[in-house]
Each structure stands twice: as C-alpha cells, then as structure tokens.
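# sharing a model that was predicted from the sequence below.
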Amino acid sequence: MTASIAVSTEALVKTFGTNRALDGVDLEIRSGRVLGLLGPNGAGKTTTVRILTTLLRPDSGRAFVAGNDVLADPHAARHAIGLSGQYAAVDENLTGYENLYMVGRLYGMSRADASRRARQLLDRFRLQEAAERPSKGYSGGMRRRLDLAGALVAAPPVVVLDEPTTGLDPRGRMETWEVVGELVDDGTTVLLTTQYLEEADALADSIAVIDQGRVIARGTSDELKAQVGGERLELVAQEPEDLAVVTQVLDEVGSGSPHTEERARRVQVPVEVGPKALMEALRRLDAQGIEVYDVALHRPTLDDAFLSLTGRAAGRADGAAERDEVGGGHIEQGARG
Amino acid sequence: MSVITAGARDSGVVAWRNLLNIKRNPDWLLAGTVQPIMFVLLFAYVFGGSLGGAQYREFLIGGIFVQTVAFNSSFTVIGLANDLQKGIVDRFRALPMSRVAVLLGRTTSDLAVAVLTVAIMSVCGLLVGWRIRGSVTDALLAYAVLLLFSFAMSWVGAFIGLISRSVEVAQSAGLLWLFPVTFISSAFVSAENMPGPLRAFATWNPITVTADSLRMLFGNPVRVDRLPPDAWPAQHAVPYAVGSALLIIAVFVPLAVARYRRVASR
Ligand SMILES: Nc1ncnc2c1ncn2[C@@H]1O[C@H](COP(=O)(O)OP(=O)(O)OP(=O)(O)O)[C@@H](O)[C@H]1O
Ligand SMILES: [Mg+2]
C-alpha cells in the first residue's frame, strides 16, 4: 500500500447463505479522489460499503481506510471515516441540532466543539430553520441532508456515501453534488455508490462498475463511456427517399457503422464528440438541401453500459448474450426502447 | 482518554439521547406506569379481600415493586430493537465510540425510568395503606436493592432486544417470559401453597427473594400469614437478592456485548 492510497479493498468475498453478494471485489481510491461505485440493485454496493465502514466482516479479503486495516483495527478505521448510509439513519425524536451534536460528542468532541460544528453544518445544509424541530417532521430530502451532514461532523479524511441522491428532488440532487465537490476541494477522499451513470460521471474521478459482486469494469468516466460506446447521434429523415443520404452522412461523421430503421426513417450512429458530429452532419445535409424531421443526441445510459459490459440489460436477467462475447465499443441495438 | 472514561462519556451521551426520546414520546412511559398502578388496585382490592385485606396490601407492595421493574426490562428490549430496525445502531457502530456505550447508555436511561416508576408506585402504595415501618437506612437500602435488580433485568432485556429478529418479535418476546417468571414467585402470593416444582422454582426465584428483601427492609410482612420465612433463600434474602442481581449482570453483560458486536442491521 502506498501512502497516497486512501481506501483499498483486496479480494473481498461475502456470502449470505448461498448468495455470493461479493465475489472478489478489488477497489483502490487515491487520496483526495472520488470513486463512483456504479451498479444495479443487488450488485453488492451496500455490502462493500458496510465492510469498509466496519459494519460487516467479509468472509475473506482485506480492506484499508487511511492506512488502517479495517479488520485488524476497526476503531482506528472508524475515526478516519464518515458514513451516510443508503437509508437515512437519523433519530426522529431528536432535533436536527441534537442529532449532529450527538454524533460530534460520540466522535469525542468537547461540548463546545460539537455544538459549534453542529451549527456550522446546519447552516451549510440549509437546515437552520428546522434545527430545533424533531427530525420526524422533516421531508425525505431534509432527512437525507441531515444524514449527510452527520457523515461530515468530524471532517473525516474519508467519506462514504451510499446512494446519496436516491429519493432526492433535482434541487436536492444538485445540492448533494455541490457538497461532494466541496469535499473534494477540502482534500477529502470520497467513495460514492450510485445507480446512475450520469451521477458517477458528474462526480467521480474514476468509476468501478459492479455487478453480481464483481467489478466488471473500471476507469475514468471517459474511458468507460468509450468502452460502453460513447454517445449516439440519431436523425429522423423528413422524407423516406432521403434515408440513403442521411445514412451515408452519418457513416462519415460517426465513429461506427450506422443503423437504419426504415419504417421510422430513423438512423443512428455512435459518435465520439456528440455536438461536433451533430453540427457536422447537419451542415452536410443542409449543403445537399436535405431536411431532417428530428435530431437527438443520446448519452449512454446505465442500460447501455450494462448491456455492453455484461451482455445483459441492467436489472434484467434475460442473459441473452454471454459475458465474454461482448467487447468494448459496440452497442447492442436491442437494449433501447 | 482512557477506555473507561470514554466508555462512561459515550454511555452518557447515548443515555441523554434515549431520555430525550422518551420525553418527546411519553405515550409508552405512560403505559408503563399505568399498568403497575392497575396491578396494585386489582390485586389489593379484587384479590386482597379474600387474601387478608390490609395485611395483604402491605405484603403485596414489595412484590409489585419488583414485578414492575422486571416488566420495565421490556422497555430495554423494545428500545434496542427499534434502534436496530431504524439503522440507528448502524450509525452508532460506524462511529469511533465505546463498544459498550449503546448498551450501557440504554440500561442507564432505563434505570432512570425505573426510578420514576418506583417513585410513582411508592405514592400509589402509600395510598392503599402500605407503610415504611423500618429505619430510613433500611428503606434506602431497599430501594438500592430494587434498582440494582432493575438494572440487572435491563441487561437481560438488552440481550433479548439484540437477538429478536424484528420489533414485533421483540415486543412479545420481551414481555412473554416475564409472566411466568414474575407469577411463579412470592410477588403476589406466598410460595408455600404452590405445588412442588412451582414452589421450588418460586423459592429460589430472584423475584421472590428481591421482594422478600424489600418487605424485610421496609418492615412489611414477608409472608401473608406473618409467619417467619422458612426457606434458606428467604432467610438470607438481602445477600441472596444482591448476589443474584450481580450474577445476572455478570452473565448478561458479556452476552449482550458479544451479540452487539455481531448484530447486523435489518
Ligand atoms: N443481510 C443480508 N442477508 C442476506 N442477503 C443479503 C444481506 N445483505 C445483502 N444481501 C444480498 O447481497 C446482495 C448484494 O446486496 P447489496 O445490498 O450490497 O446490493 P446493492 O448494490 O447495495 O443494491 P441496492 O442498489 O438495491 O441498494 C443482494 O443479493 C442482497 O440480497
Ligand atoms: Mg444498497
């Protein structure tokens, strides 16, 4: 382990009965970076988080947080880590202030420090109005923010957020994203789990895709997208007879071969840089006097990622294709719609 | 900071949090005090008439005290099971706090609840004719024995709360075992007239002996018929009561702590 690695796991295995929830998970996060752990329901995200935060012991494998062996010295690991779990664990009968004050005290802060820190965080998470109300009456988003604030009370070097934006409205989501950005500015290392590629894309320096307890892909969001197939440009021709020209133009600007749906007059092609390819395609079509009925740029979705990486759609166990058969770069058409 | 001061401090924080919870949610505390008052009135006046009237009521109060604090252990069961279910225990377990604090904080706050219940019961007892006839020191000792027993029962409750698979299970499990344990004792009637095996159980039951201790120390009759106790435990009631409470604590603290370390959220 080098000093610049803040979090690492080695070959984590965890079985529940006959269910192999984790099947050899290796992760590494460099200090001050954000790792997005991306995966569908039941992939093993929470199980990984629970092992890292000392809540669960793996059957085998090792985990380190800020240089502390999670299994050998859980107490030291807990000092280094702040957790906001998948389901907000706030005390409903305590006010927002009391919740944070309590966490501060349990981190070993003095009364004055715990109190000051609680006020600070309530301000930062726009909870000052609700600070003296029992959190029972909070909205889901407020609860989530309070729980997130709880993870930051001791300003730990490593913060673990398990699906921090699930159940939040767009504004709450944006705010959470901002908080993660601020954490990074402060030099905090963040492990973030999510089911949304978009979120991992926006927040994470690197992404690990997990499915059925295995990391099936890792890299930066760009690398992953390239592997998934990047963006797709879609044009719908005005007239059926223009279809051939549209297909040809898209063949020229795209990074792969176009796919044509005759009846819908629709042509799709994978592209490297979406907006650039879009402009170019429109310019060329315009030059030939051809009108288009509709234009769209599709970002890769988690469905695309999963189809590409696992050969099956996320959350669906249709297993139409074998895992090994699917390389990077190619998009299976059947996934959409 | 040493392990012990850290443990005491963290337990204090948890106890503070638990008491705030009770304060903001006093319904079940109400249920917990109304029930023993009801027991006093029912036993004192429904059974009391045929069991010895005023004399029985004086005998009864020591038993009701013990029965009440025993039933208070179900607060510990439900409180812990609730915290487990709501993920609060996970929140605590991920913090660098003392391992025993969640449990010790819980049993401590439940002890505070027991003090309140015992105070209410005492007033209630005085109203139905119960009196403290011994010295002040003995009376204080009696209350100390009672609270020690309450604390011990709370640790049994902590263990049950941690092994219960849901709050619903905890609710019934935490209460169910208390009925035979409190009724097969001399809490309400003397053990002398029970059939063989029950009588043996009742004679050695810590509930019996703790109730006997209170009766002796308060200067109340130990038997309804006012005869002196003939069984060995009853003759050594105070040391036996204290000893059995300490034994329960010595067994259930490690059991509960070990269970707490392994317990998973639900
Ligand atoms: N305590 C448990 N007992 C039995 N099985 C469990 C337990 N916890 C998790 N599992 C199983 O382990 C697998 C991984 O679960 P995990 O909670 O880690 O998934 P996840 O990626 O967090 O999913 P989600 O997005 O739904 O939160 C699932 O099949 C789940 O059913
Ligand atoms: Mg999860």
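Here it is on my side, so go on. Ligands and ions are numbered 1, 2, ... in the order given.
# where along the chain do the helices fall?
Just going to use chain A. A:45-52, A:74-80, A:96-106, A:111-124, A:140-152, A:170-185, A:197-203, A:221-228, A:243-253, A:274-287, A:302-310 (DSSP state H).
# to clarify, I was referring to chain B.
B:3-24, B:27-41, B:48-51, B:53-85, B:88-93, B:101-127, B:136-163, B:167-176, B:178-183, B:196-204, B:206-218, B:232-235, B:237-262.
# per-stretch mean pLDDT over the helices of chain A, give me the minimum one.
Here the lowest mean pLDDT among the helices of chain A goes to helix A:302-310, at a mean of 65.
# kindly reformat the helices of chain A as JSON lines containing distance to ligand 2 and mean neighbour count.
C-beta: built from backbone N, CA, C; applies to glycine. Putting those into JSON lines (distance: least, Cβ to the ion, whole Å; neighbours: other Cβ atoms under 10 Å in any protein chain shown) gives the following:
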{"stretch": "helix A:45-52", "distance to ligand 2": "3", "mean neighbour count": "24"}
{"stretch": "helix A:74-80", "distance to ligand 2": "20", "mean neighbour count": "19"}
{"stretch": "helix A:96-106", "distance to ligand 2": "22", "mean neighbour count": "25"}
{"stretch": "helix A:111-124", "distance to ligand 2": "24", "mean neighbour count": "17"}
{"stretch": "helix A:140-152", "distance to ligand 2": "14", "mean neighbour count": "23"}
{"stretch": "helix A:170-185", "distance to ligand 2": "16", "mean neighbour count": "16"}
{"stretch": "helix A:197-203", "distance to ligand 2": "14", "mean neighbour count": "21"}
{"stretch": "helix A:221-228", "distance to ligand 2": "20", "mean neighbour count": "20"}
{"stretch": "helix A:243-253", "distance to ligand 2": "40", "mean neighbour count": "18"}
{"stretch": "helix A:274-287", "distance to ligand 2": "31", "mean neighbour count": "15"}
{"stretch": "helix A:302-310", "distance to ligand 2": "15", "mean neighbour count": "22"}
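# any idea how far residue B:32 lies from ligand 1?
32 Å (Cβ to the nearest ligand atom, to the nearest Å).
# so how far is chain A from that residue?
For residue B:32, the distance to chain A equals 17 Å [Cβ to the nearest Cβ, to the nearest Å].
# ok, that residue - contacts?
B:71-72, B:75, B:113, B:117 (Cβ atoms under 8 Å, 6 or more residues apart in numbering or on different chains).
# kindly indicate which of these lies nearest residue A:86.
Checking the contacts of residue B:32 against residue A:86 by Cβ to Cβ gives residue B:75 as the nearest, at 29.1 Å.
# so what's the nearest residue to the closest one once chain neighbours are set aside scoring on pLDDT?
Spatial nearest neighbour of residue B:75, excluding adjacent residues (Cβ to Cβ, 6 or more residues apart in numbering or on different chains): residue B:110 at 5.3 Å. The model reports residue B:110 with a pLDDT of 94.
# repeat that for the one 10 residues further on.
With respect to pLDDT, residue B:120 scores 88.
# in space, what's closest to residue 138 - neighbours in sequence excluded?
No chain specified, so I'll use chain A. In space, residue A:138 is closest to residue A:130, 6.3 Å off (Cβ to Cβ, 6+ apart).
# to clarify, I was referring to chain B.
residue B:217 is the one closest to residue B:138 (Cβ to Cβ, 6+ apart), at 4.3 Å.
# just checking, residue B:132 touches residue B:214?
No. With contact defined as Cβ atoms under 8 Å, residue B:132 does not count as touching residue B:214 (10.2 Å).
# related to what we said a few turns ago, of the contacts of residue B:32, closest to residue B:202?
After measuring the contacts of residue B:32 against residue B:202 - Cβ to Cβ - the closest member comes out as residue B:71, at 17.8 Å.
# any idea how far residue A:209 is from residue A:37?
Note on residue A:209: its distance to residue A:37, by Cβ to Cβ, to the nearest Å, is 8 Å.
# compare these two (neighbour count), which wins?
A direct count of neighbours by other Cβ atoms under 10 Å in any protein chain shown for residue A:209 and residue A:37 places residue A:37 higher, at 29 against 26.
# one step back: what's the closest of the contacts of residue B:32 to ligand 1?
Here the nearest of the contacts of residue B:32 to ligand 1, counting by Cβ to the nearest ligand atom, is residue B:75; it sits at 27.0 Å.
# residues from the stretch 51-200 of chain A in reach of ligand 1?
A:86, A:195 (Cβ under 6 Å from any ligand atom).
# again, only using 8 Å
A:86, A:162-163, A:193, A:195 (Cβ under 8 Å from any ligand atom).
# now, of the residues you listed, which are buried?
A:86, A:162-163, A:193, A:195 (16 or more other Cβ atoms under 10 Å in any protein chain shown).
# pLDDT added to these, as TSV?
TSV is the format used below for those (pLDDT from 0 to 100):
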residue	pLDDT
A:86	86
A:162	94
A:163	92
A:193	95
A:195	86
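# export those to a markdown table and append columns for distance to ligand 2.
Shown next, in a markdown table, are these (distance: Cβ to the ion, whole Å):
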| residue | distance to ligand 2 |
| --- | --- |
| A:86 | 5 |
| A:162 | 6 |
| A:163 | 6 |
| A:193 | 7 |
| A:195 | 9 |
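# take the residues you listed and lay them out in a markdown table including distance to residue B:244.
Formatted as a markdown table, these follow (distance: Cβ to Cβ, whole Å):
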| residue | distance to residue B:244 |
| --- | --- |
| A:86 | 44 |
| A:162 | 45 |
| A:163 | 49 |
| A:193 | 50 |
| A:195 | 54 |
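# return the subset of those residues lying in strands.
Using DSSP state E, the subset of those located in strands is A:162, A:193.
# count the residues that sit near residue A:298.
By other Cβ under 10 Å, neighbour count at residue A:298 equals 18.
# surely it meets residue A:231?
Yes. Residue A:298 is within contact range of residue A:231, at 6.4 Å (criterion: Cβ under 8 Å).
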